[in-house]
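Trainee: Generate coordinates for the sequence data below:
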Amino acid sequence: MQSQKNITHVFVGKDAALATGARSAMSAGQIGIFRNGSMTAATGAIGATDRFKVVLKDVNGKFIESPLLLGANVKAVSVDYAAATEKKVAIGYNGTSGAIAVANSEVYVIHMNLQDDSRTWGEHPLFKMVAAYQSDASATQTEICAALVTNALKNFEREAAFGVDYMTIGKLNSLAAVTTNDFAGNCVVVNGSNAITVASSGQYATNTDVVAGDYIRLGATTGTAITVAANVYQVVSISGTTTKTYVLDRAVTEPSGTYSTGTGTEVIAKADAEGANWGITFTAKALPFQAGLKKYAKLNFQVQLGEGFGSTPNTVLTAASKGQGTYAQVAEEEWDGAGNRGETYRVADYPVAITLNADSTKTYDCINVDFVIKNATDLDHDVSSFGSLTIYTEPTQANDALKTAFGI
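Mentor: Predicted structure coming up:
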């Protein structure tokens, strides 16, 4: 939740222009700026001598107001929306370069330090054994990669069985992507299933049959073309006639849907894939969130490789980031900020249900306004009060109008 040194007032607007008329004409989710004494919303820039309030008509039809502010005593900045990201790490081939160092009869061990962005663990993060494997006397990258992924999946499955599901594991192969090696028919994928179905004779490219042991690349989504950064699965068995069912070496982590012929799939012959370099990826899953009950956080982790990995690269592909203006961030700040108006209790085990203006289907740009109020005096000096307004709006003309109003 947000940290406050002084009072912060949070306003979350909908997809509506900044108000220009009377309060009574404002729609739910609309924001307006009203000068002192005026019943009509202000337009244009706020002057240094203007006294004004920022007003939001919330989704319940209630008007929420800022304190009465003086233009000379405010300072505003804007921050545009930025998507949140989950951390992703590659061991060996990383989509650009690298390989798993091969050694015969060597012990390969992967550990992981897990932590969220709170102070729960302090300097002592959770230390987890991820996978271990001893290679044989004629080791290959294919053997080592497959064994470590299988072991890692089993370890994380044990935690997922108890409701702690936070990691996705994948395989990468360095063989150049060939988009014409797609299935002859549409491929139906079900996330979490280790079987895919293809409406065809089971062929790819130019009348080439898929056989057990071959590999399949899947695009990140149904409409995304395959690249060397896409996950690779091995075909374990094949059944069916006009519609083929392919049982894979592990459950599919890509989204459910129909991957149309011509995009999203590639078949790689067993010998070709196993002659190239392999990589293992670990990608954090989004942690559960509920405003007022489950805090918004991103899982951070560090992968540690045992000495057996030798020169194998350990690459951070994507850093964990909470982003800016995401639904979870905005909803959490709105819920927390409501406490400044006495509208909710800040206790995690008994959250008071309030109707939030934040919409889980939207993204938000932000205007932050710091202000000082000098309307009180002591015996020999003024007494100043400090605070801020955090104004979230969907990326529409309202945001531009607010920038104009605050001289950004």
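Trainee: so for stretch 152-169, what's the average pLDDT?
Mentor: Mean per-residue pLDDT for stretch 152-169: 88.
Trainee: Centre of the chain to that stretch, how far?
Mentor: Its chain's C-alpha centre and that of stretch 152-169 lie 19 Å apart, by CA atoms, centre = their mean, to the nearest Å.
Trainee: Would you map the helices across the stretch 1-150 of the chain?
Mentor: Secondary structure of the stretch 1-150 of the chain (DSSP state H, counting those that start in this stretch): helices at 141-160.
Trainee: show me where pLDDT drops low in it?
Mentor: Along the stretch 1-150 of the chain, the parts satisfying pLDDT under 70 run over 1-6, 116-125.
Trainee: F52 is in contact with G44, isn't it?
Mentor: No. Using CB atoms under 8 Å, F52 is not in contact with G44, being 11.8 Å away. Placement of C-beta: from N, CA and C, glycine included.
Trainee: who does V55 bridge with?
Mentor: Beta-bridge partners recorded for V55 (DSSP bridges): G32, E65.
Trainee: That one: what's it in contact with?
Mentor: Residues near V55 by CB atoms under 8 Å, 6 or more residues apart in numbering: 19, 23, 26, 31-34, 41, 63-66.
Trainee: List just the nearest of these to G323.
Mentor: In terms of CB to CB, no member of the contacts of V55 lies closer to G323 than I31, at 22.2 Å.
Trainee: Spatially, what comes nearest to that closest one if we skip its sequence neighbours?
Mentor: Leaving aside its chain neighbours, I31 sits nearest to G13 (4.4 Å; criterion: CB to CB, 6 or more residues apart in numbering).
Trainee: Could you count how many residues lie near the residue lying closest to G219 once chain neighbours are set aside?
Mentor: Leaving out its chain neighbours, the residue that sits closest to G219 by CB to CB, 6+ apart is G264, at 3.9 Å. Residues near G264, counting by other CB atoms under 10 Å, number 27.
Trainee: G262: what's it in contact with?
Mentor: So G262 contacts 179, 182 (CB under 8 Å, 6+ apart).
Trainee: can we see that at 7 Å?
Mentor: Residues near G262 by CB atoms under 7 Å, 6 or more residues apart in numbering: D182.
Trainee: any idea which helix or strand carries it?
Mentor: Under the criterion DSSP states H and E, no helix or strand holds G262.
Trainee: any idea how far Y233 lies from N314?
Mentor: 23 Å (CB to CB, to the nearest Å).
Trainee: just Q115 next, same as before
Mentor: Counting by CB to CB, the gap from Q115 to N314 is 17 Å.
Trainee: Repeat that for G387.
Mentor: Look at G387 and N314: by CB to CB, they are 46 Å apart.
Trainee: more crowded one of the two?
Mentor: Set G387 next to N314 and count neighbours by other CB under 10 Å: G387 wins out with 19 against 16.
Trainee: who does the more buried one bridge with?
Mentor: With DSSP bridges as the rule, G387 is bridged to I7, F371.
Trainee: List the residues that contact it.
Mentor: 6-9, 67, 371.
Trainee: if we can go back for a sec, and the residue nearest to I31, how many residues sit next to it?
Mentor: 25.
Trainee: Quick one: residues contacting it.
Mentor: 29-31, 56, 392-393, 398.
Trainee: One more: S239?
Mentor: By CB under 7 Å, 6+ apart, the neighbours of S239 are T245.
Trainee: quick one, domains of the protein?
Mentor: With domains defined by automatic domain parsing, the chain comprises 7-82+325-405, 88-318.
Trainee: Would you check that F63 makes contact with K57?
Mentor: Yes. Taking CB atoms under 7 Å as the definition, F63 is a contact partner of K57 at 5.7 Å.
Trainee: Tell me which of these two has more neighbours.
Mentor: K57 (24 against 12).
Trainee: how near is the more buried one to L402?
Mentor: To L402, K57 is 16 Å away according to CB to CB.
Trainee: mind listing what's buried in stretch 250-270?
Mentor: Neighbour-count burial for stretch 250-270 flags 250, 252-254, 259, 261, 264-269 (criterion: 16 or more other CB atoms under 10 Å).
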